[in-house]
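[1] Need a 3D model of the sequence below.
(chains A and B)
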Amino acid sequence: MTGLTVSADALTKVFRDADLGDLRAVDGLSLSIRQGELTALVGPDGAGKTTLMRMFAGLMTPDEGSLRVLGIDVARHPQRVQDRISYMPQRFGLYEDLSVQENLDLYADLHGVPISEREDRFARMLEMTDMARFTDRPAGKLSSGMKQKLGLACTLVRSPDLLLLDEPSVGVDPLSRRDLWKIVQQLVDDEGLSVVVSTSYMDEAERCAQVFVMHKGRVLADGPPGSLREKAGGLTFTAETPAGTPARDLQARLIDRPDLVIDAVPQGGNVRFIRQPGADEPRMGDLLDGIETSARPEELEDAFMMLLRQQEDEAPASLAATRPAEVATPSKDGKPVIAVRDLVRKFGDFTAVASTSFDVGRGEIFGLLGPNGAGKTTTFRMLCGLLPATSGHLEVAGRDLRTARAQARARIGYVAQKFALYGNLTVRENLQFFGSAYGLGRRALRDRIAAMIEQFDLDPEAKSGLLPGGYKQRLAMATGLLHQPEILFLDEPTSGIDPLARRAFWRTITALAKGGVTIIITTHFMEEAEYCDRIAIQDAGEMLAIGTPREVRDMAGTAGARDMNSAFIAIVESARAERGRRAAA
Amino acid sequence: MSRSAARARLVALIRKETRQMLRDRSNLFVGLALPVVLILLFGYGLSFDVTDARVAVVMEDSSAATVNAVAGLVGSDYLNPVWTRSMVEAEQMIRAGEADAILRVPADFTRNLAAGGGQLQLILNGVDSGTAQAIEGYANSAISNALLHLSDRQADTAAQSASVSVVQRTWFNEAGDSTWFFVPGLIALVMTLIGAFLTSLLIAREWERGTLESLFVTPARPTEMVLAKLAPYVVIGMIDLVMCLLAAKFLFGVPMRGSLWIIILSSMLYLMVSLALGLVISGLTRNQFAASQMALLASFMPAMMLSGFVFDLRNVPVAIQVVSNLLPATHFMGLIKTLFMAGDYWPQILRANATLALYATVLVLIARRTLAKKLD
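    Residues are numbered from 1 along each chain as shown, chains lettered A, B, ... in the order given. Modelled structure (predicted):
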């Protein structure tokens, strides 16, 4: 009895690729994970978390080093390990043509769960996932949050000796995310389950007994959240935003000075930031220029950002890469760029969007938030002219979308959620293709491509499909901005991107908005709502709240005082309770 | 304990595969409706037979003997004589596509016949060589039959019976009916179809949808996954086989001279080969589109073109013969045709079935390896 569920020693996994050269995904990594605890693996994109998880699960064979899972040499006896663990991959493979119950039955059969135990277990799983109503529904017809919960339920049809969860909350809305964690936490408490979870959410890592911070296939730091937090001790502050200016202006000012500030993000109308440990006092004073600051307790996120920035220092700073863009001459009539009145969209007798009205002004950043399946994507597609509205009035860039869809489209840029560019073309070829598709002339095209390549610091000859995630995102943005649109639509642009890339991305967005581009964005990261001028929260097709981040937080009452995540959950839940009461009456 | 656990897993996987198969309507169409379409198409629609071919008859000699000789054409199902006045008119009919052949009875026919050497001229339109050959055969046999009757009646004239030189007899496919030749081959084609179009998608689909990663980290073994994927399609294949056999017997009246159980057993063996080949293609490509393209090119097309289904393999170049002999379809095609038309010929039954069994075993093992529970 070692009390260890996983022990790795000098573990290495190399992916050989003729085009990219060797990639050391896991590089001489050693760690020990204790039994009966929640353990988190955190780290940016490409840190090697998924590869490590797959080695734990016996799906990949290490090139060097030793790995014992549950005391078994997993490289030699993968099946013996697989008989005893449960593993939920990032994209859990539900059989979409099978119903919820059939998926559960299949995994229960495969794991040999005795019939006598099933009834209790299923009932409990269905209750915890709140899916008892949907047992006959095909898994393919569930929302993505529901799918993820069903995936977890299938993984947990029996109590495994070790549970591996690979980024269970990517692309999942705050409510489903909270439900997922409730299930895991309950099983840890009730059954003493050993769990290893990889995540990019620091609030999830805070819940764990042990945290490993990974970077480039190695462990940067490890320990309980408390001891990791201390690394940022004494460096964490909140700066008060001067009245009448958006928090993101102050945030931009701070984050543009990496010599003094490690990290800055808008929160609750103010800006939380981390000072560089050796920051020069007078220059810091100049930067803050009379702005009130107060110390705040350090969080795991702060320590994580510090660790990452220290690594980043060797690499070129990604923030400086993007500069404000010049934009098409804004018309100065002060009219809203987007006007939506009583917008309705029905699919058959299902109402995806119910009577929605709002305006968006020029240069505004407008955030569309909501749980999975709330109608965000439908609204979004109608605004872009990709989907006709069932009824209502919709004006984009001064054009009625019902009558002049093509003209309106020429003035908007669109960045899809998935990478929608041609992977086997180079960066330049992609830009050329999309530029000519937008009808740019030869000369204009050349100038715009040069400008985009410079603005986003892209390598024009690189194969698009082989770019790292953050750069793919930049290329997608560059393509969306080629024809100098007045409005840019971004559909969950930051899902699955690591925190550093997200900061850089938002710096670009705020710069664009300053240049006069109107930004419409959807996101699952509630703290990102703080960058927006105004946000709208949708659920079940209805607009629940609309206003500045501060107004929306106020609407949520005491819950909203903490952060946007709690405000969001409170607003959606109270609206759902209200609907439930109405339905009951 | 562990054996019953394995059985429970296998049952669970088979149930899953069956449900998935039944819920995808296009699967059922390809698996059950398409074979029916093929049976009807090959049984009724496509045929190398010539019926009612128009033969322009030019009578330059109209004695009783010539009328008797040509009368043989009238009674034929396959030929339709059109009486013309002159050779010029007959040639025009050929050019205009109104006639497929000319039968010319020369002016000296009766005289020469009496001398023991009657000659008729048959001119064929060689644009379609297959049709031309068929008409030649029909005309020859129709006329010699008529002349045979003639000589029977005039038994005293020994010289006349000597002039009848061709006695045709076709073995195994006595009627020379191409349905007889197509329908057994159709069994091979339908069995190939299920593998090429259905099982070739199964593993690729699971790779694409990411379901394998979850399935791998369960106690399920690769062998169980392969067997479960084969099981529902074996049932589909059996239904198709029964449909083919019933159609052969009752719809087209194809003789079944070999033992029924050997036909069924050999067909099932070939079905296994075909299904396993589909799975191997699926597991190696890991992409549904690539898999279906591969299956079409590597399995279905060769089974149609190179197995002896349409073209006689003895007439193709050696290189293609070598390729054909590598195809399991060729071995089965030869066997099933012999079984239907000629009967049980044990050396061929044993050799072909041994070859098919070897293919099936190797392919199932390869399919199992493609599900080896590794992502790297």
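
[2] Least confident secondary structure element in chain A?
    The weakest-scoring helix or strand in chain A, judged by mean pLDDT, DSSP states H and E, is helix A:558-562 (a mean of 73).

[3] For that one, buried residues please.
    A:559-560 (16 or more other C-beta atoms under 10 Å in any protein chain shown). The way it works is simple: take the backbone N, C-alpha and C, and place the C-beta from them, glycine included.

[4] next one: that helix to chain centre, how far?
    Put simply, helix A:558-562 sits 22 Å off its chain's centre (C-alpha atoms, centre = their mean, to the nearest Å).

[5] now stretch A:466-481
    With C-alpha atoms, centre = their mean, you get 16 Å for stretch A:466-481.

[6] Kindly report the same for stretch A:210-230.
    21 Å.

[7] Show the pLDDT at residue B:296.
    Residue B:296 carries a pLDDT score of 91 in this model.

[8] And it, how close does it get to residue A:51?
    In this structure, residue B:296 and residue A:51 are 36 Å apart, going by C-beta to C-beta, to the nearest Å.

[9] Could you do residue A:577 as well?
    43 Å.

[10] Of those two, give the one with the bigger neighbour count.
    Each of residue A:577 and residue A:51 has its neighbours counted (other C-beta atoms under 10 Å in any protein chain shown); residue A:51 has more, 24 against 10.

[11] got the contact list for the more buried one?
    A:13, A:25-26, A:60, A:217 (C-beta atoms under 8 Å, 6 or more residues apart in numbering or on different chains).

[12] Identify the residues contacting the closest residue to chain A within the stretch 151-300 of chain B.
    The minimum distance from the stretch 151-300 of chain B to chain A, using C-beta to the nearest C-beta, falls at residue B:211 (3.0 Å). For residue B:211, the contact set (C-beta under 8 Å, 6+ apart) comprises A:93-95.

[13] try residue B:271
    Residue B:271 is in contact with B:191, B:194-195, B:234, B:237-238, B:241, counting by C-beta under 8 Å, 6+ apart.

[14] Just the residues you listed: which are in helices?
    B:191, B:194, B:234, B:237-238, B:241 (DSSP state H).

[15] Name the residues that touch stretch A:240-247?
    So stretch A:240-247 is in contact with A:249-250, A:266-267, A:269-271, A:291-294, A:530-531, A:533, going by C-beta under 8 Å, 6+ apart.

[16] So which of the residues you listed sit within strands?
    A:266-267, A:270-271, A:293-294 (DSSP state E).

[17] Can you tell me which of these are classed as buried?
    A:266-267, A:270-271.

[18] Tell me, domain by domain, which residues of the chain belong where.
    Went with chain A since none was named. A:4-222, A:229-315 (automatic domain parsing).

[19] that's the wrong chain, I wanted chain B
    Using automatic domain parsing, chain B is parsed into the domains B:2-46+B:177-370, B:53-162.

[20] what's the pLDDT at residue B:45?
    Listed pLDDT for residue B:45 reads 68.

[21] Let me know how buried the nearest residue to residue A:135 once chain neighbours are set aside is, in neighbour terms.
    Distances taken as C-beta to C-beta, 6 or more residues apart in numbering or on different chains put residue A:101 closest to residue A:135, at 4.3 Å, once the chain neighbours are dropped. Neighbour count for residue A:101, taken as other C-beta under 10 Å: 16.

[22] Quick check: residue A:101 vs residue A:137, distance?
    9 Å.

[23] With residue B:109 instead?
    Following C-beta to C-beta, the distance that separates residue B:109 from residue A:137 is 85 Å.

[24] Nearest residue to the residue in the stretch 201-350 of chain A that chain B sits nearest to in space, please, no chain neighbours.
    Using C-beta to the nearest C-beta, the single residue of the stretch 201-350 of chain A nearest to chain B is residue A:217, 14.9 Å away. Excluding its sequence neighbours, the residue lying closest to residue A:217 (C-beta to C-beta, 6+ apart) is residue A:27, at 3.5 Å.

[25] In three-state terms, label residue A:520 for me.
    Following DSSP: H, G, I helix; E, B strand; the rest coil, we place residue A:520 in the strand state.

[26] Relative to residue A:380, how far out is it?
    From residue A:520 to residue A:380 the distance is 7 Å (C-beta to C-beta).

[27] what do you get for residue B:223?
    Residue B:223 is 47 Å from residue A:380, by C-beta to C-beta.

[28] Between those two, which is the more surrounded one?
    Between residue B:223 and residue A:380, residue A:380 has the larger neighbour count (other C-beta under 10 Å), namely 21 against 15.

[29] How about the contacts made by the more buried one?
    Taking C-beta under 8 Å, 6+ apart, one finds A:368, A:489, A:491, A:520, A:522 in contact with residue A:380.

[30] of all those, which comes closest to chain B?
    residue A:491 (21.4 Å).

[31] In this structure the closest one contacts residue A:523, no?
    No: at 9.3 Å, residue A:491 and residue A:523 do not qualify as touching, with contact defined as C-beta atoms under 8 Å.

[32] And residue B:109 and residue A:137? Which one has more around it.
    residue B:109 (22 against 15).

[33] now the more buried one, nearest residue through space, not along the chain?
    In this structure, residue B:109 finds its nearest non-sequential neighbour in residue B:61, 4.5 Å apart by C-beta to C-beta, 6+ apart.

[34] do the same with residue A:557
    residue A:570 (6.9 Å).

[35] any low-confidence regions in the chain?
    You didn't say which chain, so I picked chain A. Scanning chain A for pLDDT under 70 picks out A:1-2, A:19-20, A:313-334, A:496, A:561.

[36] The intended chain is chain B.
    Looking at chain B by pLDDT under 70, you get B:1, B:45-49, B:129, B:150-178.

[37] Flag every residue of it that's near chain A.
    B:5, B:8-9, B:11-13, B:15-16, B:19-20, B:23-24, B:206, B:209-221, B:373-376 (C-beta under 8 Å from any C-beta of the partner chain).

[38] correct me, but residue B:190 touches residue B:240?
    Yes: under the criterion of C-beta under 8 Å, residue B:190 makes contact with residue B:240 at 5.0 Å.

[39] tell me, what's touching these two both at once?
    Residues touching both residue B:190 and residue B:240 (C-beta under 8 Å, 6+ apart) are residue B:35.

[40] Give me the helices and strands touching the strand or helix carrying residue B:224, please.
    Assigned by DSSP states H and E, residue B:224 belongs to helix B:222-246. Counting contacts by 3 or more C-beta pairs under 8 Å, 6 or more residues apart in numbering or on different chains; DSSP states H and E, helix B:222-246 packs against helix B:2-23, helix B:34-40, helix B:178-194, helix B:260-285, helix B:346-370.

[41] May I have the strands that pair with whichever helix or strand comes after the second one, each with its orientation?
    The reference is to helix B:34-40. Using DSSP H and E, the helix or strand that follows helix B:34-40 towards the C-terminus is strand B:53-59. Counting by DSSP bridges, the strands paired with strand B:53-59 are strand B:79-84 (parallel), strand B:101-105 (parallel).

[42] can you narrow the buried ones among the ones in strands among the contacts of stretch A:240-247 to ones near chain B?
    Within those, nothing lies near chain B by C-beta under 8 Å from any C-beta.

[43] Lovely, talk soon.
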